[in-house]
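**Student:** My questions are about this predicted structure, shown below with the sequence.
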Amino acid sequence: MTLEIVGVPANGMAALPGMQTGRRTVQLSKPVVHAPEKKKVDPALIQNAVRDIEKFSSVLNRRLKYSVNKELDQVVVKVIDSATDKVIKVLPPEELQRLHSRIRETIGLLFDETI
């Protein structure tokens with residue numbers, strides 16, 4: 001596999017104004033593929049971390065409520081005013097959650113399996 005770089009001088013240094021640039025070809029030994037690693041995390045560890053964050057947020061007169069959208073496998077955070085119990089903000093917004101769900105449905109209709 002080769003990689004062609006256009007506009008780089010043959011010496012590999014950055015081009016200065018007025019310097020002639022050409023094409024440089026680099027031979028790569030093999031393609032580099034980075035696959036994300038999924039690690040299992042202990043749920044008890046997560047719950048302890050969430051409790052610590054909730055304690056900290058209570059100092060700021062805000063309450064954070066964490067939940068998991070099981071359909072999207074995504075964490076949802078609600079910022080709640082402690083005095084009035086009104087939801088100030090939802091992260092990610094509900095509109096984006098619905099959009100994400102619809103995109104997944106559409107992709108599911110187009111493709112049968114994941115690689």
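**Tutor:** Okay, I see it.
**Student:** Okay, helices next: where are they in the protein?
**Tutor:** Assigned by DSSP state H, the helices in the chain fall at 43-59, 94-110.
**Student:** which regions of the protein lie under the pLDDT threshold?
**Tutor:** The model of the chain has pLDDT under 70 over residues 1-36, 112-115.
**Student:** can you give me the strands in it?
**Tutor:** All strands of the chain, identified by DSSP state E, fall at 2-8, 22-27, 62-69, 74-81, 87-91.
**Student:** hang on, the earlier thing: which one of the helices of the chain lies nearest to residue 83?
**Tutor:** Counting by Cβ to Cβ, residue 83 lies closest to helix 43-59 out of the helices of the chain; the figure is 11.6 Å. Any C-beta I mention is one placed from the backbone N, CA and C, and that applies to glycine too.
**Student:** Can you check which of the helices of the chain gets nearest to residue 66?
**Tutor:** Of the helices of the chain, nearest to residue 66 by Cβ to Cβ is helix 43-59, at 5.2 Å.
**Student:** the inter-axis angle of that closest one versus strand 74-81?
**Tutor:** Angle of helix 43-59 versus strand 74-81, following axes from the mean of the first three to the mean of the last three Cα atoms, to 10 degrees, is 20 degrees.
**Student:** How about helix 43-59, which residues are buried there?
**Tutor:** residue 57 (16 or more other Cβ atoms under 10 Å).
**Student:** repeat for stretch 80-92
**Tutor:** 80, 90.
**Student:** for stretch 64-72, same thing?
**Tutor:** Quick answer for stretch 64-72 (16+ other Cβ under 10 Å): residue 64.
**Student:** neighbouring contacts of that stretch?
**Tutor:** 50, 53-54, 57, 74-80, 97, 100-101, 104 (Cβ atoms under 8 Å, 6 or more residues apart in numbering).
**Student:** Show me the two of the residues you listed that sit farthest apart.
**Tutor:** 57 and 104 (30.6 Å).
**Student:** Turn the helices of the chain into CSV, including distance to residue 67.
**Tutor:** Below are the helices of the chain laid out as CSV (distance: least, Cβ to Cβ, whole Å):
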stretch, distance to residue 67
helix 43-59, 10
helix 94-110, 11
